[in-house]
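got a sequence here, can you build the structure:
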Amino acid sequence: MHSESQESRFIVYRTRPLRVTILAVFVLFIAGSNLLRFYESIQHYGFLEMILPFSPLIILFSGLFWGLIGLAVFIINWLGWRLAPIITIVFAVLFIGYGWIDRLFLSKRSVTNWQFFIGVEIVALILLFWILHNRKAKIFFGVNA
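Numbering: from 1, shown residues only. Here you go, the predicted structure:
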């Protein structure tokens, strides 16, 4: 009886699948890129104010927002939280949507290669579903396999 109570205190560690590790590192890269965008927009705020037709605060806060959200998504994937697959897919769709808003409304230039962007984003979403919905990932996240 004494050994059972001691055993229940131990956390069962699950092995993170390589695909989930690669996904988490990729999300960390996105988070880092956006935090760098935040930092650089602070450093060059005066210059951005002169050349942009909109407030540099948009770049500053979008970098901070996507950087912090990306860090959170990285952590939940790294730790294997149960809701991580759903949150990651929502993050990806919203991030892609923001990318289109940025391209179409903030950059003020025509998007000539939009077919390429859509193709890459569709492939990325399919790859994301494949990574998060295979048997090993479901076991890691504690979702019914």
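
quick one: the longest helix along the chain to chain centroid distance?
Longest helix of the chain, by residue count under DSSP state H: helix 18-43. Chain-centre distance of helix 18-43: 8 Å, with CA atoms, centre = their mean, to the nearest Å.

show me what stretch 95-104 is in contact with.
Contact partners of stretch 95-104, identified using CB atoms under 8 Å, 6 or more residues apart in numbering, comprise 30, 62, 66, 111, 117, 121, 124-125. Backbone N, C-alpha and C define where each C-beta goes, glycine included.

quick one: which of those is nearest residue 94?
Distance to residue 94 across the contacts of stretch 95-104 (CB to CB) is lowest for residue 66, with 9.1 Å.

show me the shaky parts of the chain.
Within the chain, the stretches falling below the threshold (pLDDT under 70) are 1-13, 145.

which parts of it are helices?
If you assign secondary structure with DSSP H, the helices in the chain sit at 2-9, 18-43, 45-51, 57-79, 84-101, 114-132, 135-141.

could you export those helices to TSV, including columns for mean neighbour count?
Supplementary listing: the helices of the chain in TSV, determined by neighbours: other CB atoms under 10 Å:
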stretch	mean neighbour count
helix 2-9	7
helix 18-43	16
helix 45-51	12
helix 57-79	18
helix 84-101	16
helix 114-132	13
helix 135-141	18
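
possible to save those as JSON lines with distance to residue 107?
JSON lines is the format used below for the helices of the chain (distance: least, CB to CB, whole Å):
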{"stretch": "helix 2-9", "distance to residue 107": "54"}
{"stretch": "helix 18-43", "distance to residue 107": "14"}
{"stretch": "helix 45-51", "distance to residue 107": "13"}
{"stretch": "helix 57-79", "distance to residue 107": "11"}
{"stretch": "helix 84-101", "distance to residue 107": "10"}
{"stretch": "helix 114-132", "distance to residue 107": "12"}
{"stretch": "helix 135-141", "distance to residue 107": "35"}
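
for the contacts of stretch 95-104, give me a markdown table that also has distance to residue 141.
Listed next are the contacts of stretch 95-104 as a markdown table, based on distance: CB to CB, whole Å:
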| residue | distance to residue 141 |
| --- | --- |
| 30 | 20 |
| 62 | 29 |
| 66 | 23 |
| 111 | 36 |
| 117 | 29 |
| 121 | 24 |
| 124 | 20 |
| 125 | 18 |
